[in-house]
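Student: Quick check, what structure comes out for this input:
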Amino acid sequence: MKRNFLLLLILVFVLCVSASQLPLDKNMPVISINDDSQLGILNSRMGSRFSFNFFSAKRGLQTGALGFDADEFTELLVGIEQDGKFEIMRLSNNLLKSTYLQNQQLTLAMTGMQLKGISSKGLEVSVTVVSPFTPAKTLDETQAIKVQIAPYFYLLVNIQNTNSQPVKAQLYLALKRIPTNPVMEYVVWGYGLGRVKNEIYYKDNGTGLIALECLTGDALGFEKEAFTGLRSDIQIPASGNVDVNYSYSTYHSGKVQRDNRIQQDLKFYYTTIWKNIDEVKAYAKANFDKNMTLSAAFENLLLRSTLSGQDKWMMALTFHADIANTFLLVDNLKRPYFYLLEGRFKHQSTVDVAHETELVALFNPWRLKMQLQQWTNYIAFERVEVKPSRGRKAFYQGYSAAEYGPYLMHDVGSFPYICETAEYDFGPYMAAEENTNFAILLYWYWKISGDDEFVRQKLGLVETLLHSLVNRDIDGNGMVDHAMGWTSFDSSKSLRIYTENTYIGVKQIVAYTMAADMFRSLSTKGDFEVGQLVSMSDGEGKGHTELINVPNDELRAKQAKLYEDEARKILSTLKKAHKQYGYIPVSLDKKYTDGNQMSVVLGDALMYPGFCAMKSPIIAETAKLIKTTYEKAYPLSLRPYGVTLTTGETPTWYSKIMVSDIVANRWFKSSNNSMHFAYEHNINSPYTYDDGQINEKETWIGYFYPRGVVSLGYFMNEMNFEVDKKEEFLRTLKNP
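Tutor: This next block holds a predicted model:
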């Protein structure tokens with residue numbers, strides 16, 4: 001143990017002293033970038049929507065200050081000129097008198113990507129795009145928050161000379177954009193005359209500006225075939241190398257999207273920290289060494305892991321996808337809002353379709369706190385008919401809420417709440433699953449944050465939501481069998497809509513057991529007599545002006561017992577089913593002829609109890625039951641393209657299968673790892689990240705879906721992560 005700790009300290013020290021170049025894991029797959037490449041890589045800034053996305057097939061980038069839909073295409077010219085020969089990266093199409101660098105290869109990191117090539121003269125050229133990141137527990141940790149959300153990238157160019165003689169050359173870095181004067185607001189030409197030094201501004205397609213600044217030495221402006229940028233004269237010693245670093249910054253001060261619920265335009269949160277693009281540029285330049293060191297430390301997620309290179313590649317790819325889909329916004333009262341976008345589907349949520357994406361909140365619990373708080377604004381209490389509009393048919397919103405109790409809406413950023421989003425009719429109705437998700441995610445937030453007060457304030461709502469589920473059990477076996485809505489498994493007919501749904505039943509067990517733990521642990525005891533409470537209850541006495549700590553320990557104990565009893569009731573139901581079938585089928589409702597299918601995903605809800613190391617015998621017994629079903633279902637679910645969600649249906653969903661792997665490893669001691677299917681599917685995909693197959697021939701196009709970030713759970717299992725050890729786990733991801 002001591003030896004491992006010393007090795008870790010040495011690794012962290014190495015990261016600190018070499019942070020000007022992002023450390024890349026030597027086991028990470030290296031992807032060849034050539035004429036046949038289709039690979040897309042998302043590079044974005046946390047909550048800022050500032051994009052620098054690379055698409056190999058298009059030989060260019062999607063970038064922009066607003067970045068709502070990654071809609072601003074340009075090309076990035078990175079070239080080296082030596083002895084009259086001009087050679088460039090495949091980040092742009094070839095110029096009239098240029099050729100591509102040879103043997104171009106792409107390597108991923110958690111916080112960046114590197115493209116490398118070799119010139120005909122023996123120069124090894126690499127450009128690394130870095131989106132700095134470091135953990136931050138709350139939004140009050142301003143210095144760490146700045147690292148996460150500041151709207152800029154670092155572009156690191158390294159040139160190595162493999163020759164035995166020194167070399168003189170010119171380095172070019174430019175965008176296929178027209179430059180602008182940020183003060184006078186007019187288009188600027190004549191960069192080739194050397195009138196601009198070290199920095200260039202471009203007009204964004206929206207209202208913002210983008211700036212390219214050289215942070216190393218002197219660079220002069222130039223123009224070349226519609227490209228404008230910066231040129232540096234470099235001298236490389238024999239067998240030596242040269243680093244030239246840049247910042248690529250933006251600032252968007254206007255509307256990002258309108259929140260129709262509060263009738264306000266929302267802006268980026270970073271506008272509360274920086275006033276303009278020049279302040280962002282100054283921050284990026286002044287904090288280069290520190291921010292690169294922090295990003296290098298965060299790369300420990302990969303560097304200290306013994307997972308396969310394919311697993312690590314998927315962790316990095318999906319972390320990029322998650323960051324690229326985040327919004328951190330403020331209203332005109334400076335109140336913050338956080339949304340997660342479902343890629344190009346543009347369904348916006350406070351909490352995404354299911355709960356697996358929120359695993360990444362381990363690095364920023366503030367994000368999940370805001371999601372949970374905002375979610376409480378979207379509770380269905382009554383059935384409301386939404387009239388036809390804008391080509392949409394009439395539909396009911398809040399269906400069944402009035403009869404069975406409130407439920408949380410799904411995809412709560414969708415129309416009519418947020419204006420810039422996809423419009424569809426069925427999103428809000430996932431009554432059973434979303435109510436359980438709230439309790440499960442609140443518990444996860446509690447454990448990773450230690451924020452007793454916030455969680456305590458939400459326990460009354462938890463009781464209301466869970467009691468709504470109790471009402472939806474009509475036959476008395478504990479499981480929802482009426483007004484369930486549908487589930488997040490919308491590609492599987494049985495898991496999506498079958499009642500007496502055992503997937504939901506297990507989620508109920510987990511939510512009920514977690515709620516009971518929160519009820520007991522966070523109850524309050526008063527330090528005064530009940531009679532005093534009575535005298536204060538009219539709002540005229542002491543209680544009118546002073547806070548009262550109302551004792552509720554007896555109430556919370558009553559609630560805890562109720563939900564533990566409900567959990568045991570469902571557990572008993574599952575035991576009976578297991579005895580009858582020899583496994584747990586996807587549905588216990590006899591009206592479905594294929595309800596007796598098996599599924600590897602029934603234990604999905606056990607992921608967070610595993611990471612929280614819950615000692616509940618109810619959870620342990622549930623896991624024991626699921627284990628048998630999982631072990632029988634897995635070999636029957638294997639297909640050439642992946643692991644199917646059920647044994648009788650063809651779709652797979654990589655992120656959901658990842659959850660089942662993570663659960664099986666933690667609870668069943670299984671060594672199954674299905675991530676290679678997702679790797680093969682995404683290794684040359686332009687949809688980065690793409691999440692599944694309908695069948696062997698038909699792909700389900702994910703279009704930059706963020707869900708795959710649950711792949712982080714493989715690493716957490718490898719490290720035997722538990723929440724009471726989280727500080728130790730996070731320590732090497734921060735500045736030493």
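Student: per-residue confidence for E299?
Tutor: pLDDT, E299: 96.
Student: what number of residues lie near it?
Tutor: 23 (other C-beta atoms under 10 Å). For the C-beta atoms, the positions are set from N, CA and C on the backbone; glycine is no exception.
Student: can you tell me which residues contact K116?
Tutor: Q104, Q105, L106, T107, E124, V125, S126 (C-beta atoms under 8 Å, 6 or more residues apart in numbering).
Student: Shouldn't it be within a strand?
Tutor: Yes: if the criterion is DSSP: H, G, I helix; E, B strand; the rest coil, then K116 is within a strand.
Student: Next, find the distance separating it from C214.
Tutor: 20 Å (C-beta to C-beta, to the nearest Å).
Student: Likewise for D724?
Tutor: Separation of D724 from C214 (C-beta to C-beta): 47 Å.
Student: how deep is D243 tucked in, by neighbour count?
Tutor: Other residues close to D243 by other C-beta under 10 Å number 15.
Student: Helix or strand: which one has it?
Tutor: D243 is part of strand 241-251 when elements are defined by DSSP states H and E.
Student: Downstream of that strand, the next helix or strand is which one?
Tutor: Scanning onward from strand 241-251 (DSSP H and E), the first element met is strand 257-259.
Student: could you say what helices and strands that next one packs with?
Tutor: With contacts defined as 3 or more C-beta pairs under 8 Å, 6 or more residues apart in numbering; DSSP states H and E, strand 257-259 has these neighbours: strand 264-268.
Student: and the strand it packs on with strand 241-251, angle?
Tutor: Calculated by axes from the mean of the first three to the mean of the last three C-alpha atoms, to 10 degrees, strand 264-268 forms an angle of 170 degrees with strand 241-251.
Student: Need the contact partners of strand 264-268.
Tutor: 47-49, 151, 252-259, 328-332, 337.
Student: Which segments of this protein make up each domain?
Tutor: 2-301, 335-705 (automatic domain parsing).
Student: I145 sits in which helix or strand?
Tutor: helix 142-149.
Student: quick one: contacts for the nearest residue to D490 once chain neighbours are set aside?
Tutor: Distances taken as C-beta to C-beta, 6 or more residues apart in numbering put R496 closest to D490, at 5.3 Å, once the chain neighbours are dropped. Neighbouring residues of R496 by C-beta under 8 Å, 6+ apart: W486, T487, F489, D490.
Student: Which helix or which strand is home to the last one?
Tutor: By that I understand D490. If you go by DSSP H and E, D490 is not part of any helix or strand.
Student: same check, this time on the first one
Tutor: For W486, there is no helix or strand it lies in under DSSP H and E.
Student: Do you know the pLDDT at it?
Tutor: For W486, the pLDDT comes out at 89.
Student: which helices and strands sit right next to whichever helix or strand H467 is part of?
Tutor: Here H467 sits within helix 459-471, counting by DSSP H and E. When contacts are defined as 3+ C-beta pairs under 8 Å, 6+ apart, helix 459-471 sits against helix 401-404, strand 407-408, helix 431-449, helix 502-521, helix 553-581.
Student: Tell me which of those lies nearest to R304.
Tutor: Closest approach to R304 among the helices and strands packed on helix 459-471 (C-beta to C-beta): helix 431-449, 19.9 Å.
Student: Show the subsequent helix or strand relative to the closest one.
Tutor: Per DSSP H and E, the first helix or strand lying C-terminal to helix 431-449 is helix 452-457.
Student: buried set for that next one?
Tutor: V455, R456 (16 or more other C-beta atoms under 10 Å).
Student: do the same with stretch 232-242
Tutor: S232, I234, I236, V242.
Student: Out of those residues, the closest to N158 would be?
Tutor: Nearest to N158 among the buried residues of stretch 232-242, counting by C-beta to C-beta, is V242 at 7.4 Å.
Student: what residues are up against that closest one?
Tutor: Counting by C-beta under 8 Å, 6+ apart, the residues that V242 touches are N158, I159, I234, Q235, I236.
Student: cool, Q373 as well?
Tutor: Contacts of Q373 (C-beta under 8 Å, 6+ apart): F454.
Student: Sitting in strands, which of the contacts of V242 do you find?
Tutor: Residues of the contacts of V242 located in strands (DSSP state E): N158, I159, I234, Q235, I236.
Student: Name the nearest residue to the fourth one, ignoring sequence neighbours.
Tutor: Read that as Q235. K168 (5.4 Å).
Student: That neighbour looks like it's in a strand, true?
Tutor: Yes: assessed by three-state DSSP, K168 belongs to a strand.
Student: which ones are touching it?
Tutor: Q82, D233, I234, Q235, I236.
Student: next one: S92
Tutor: With C-beta under 8 Å, 6+ apart, S92 has these contacts: R59, G60, E75, L76, L77, V78, K176, F227.
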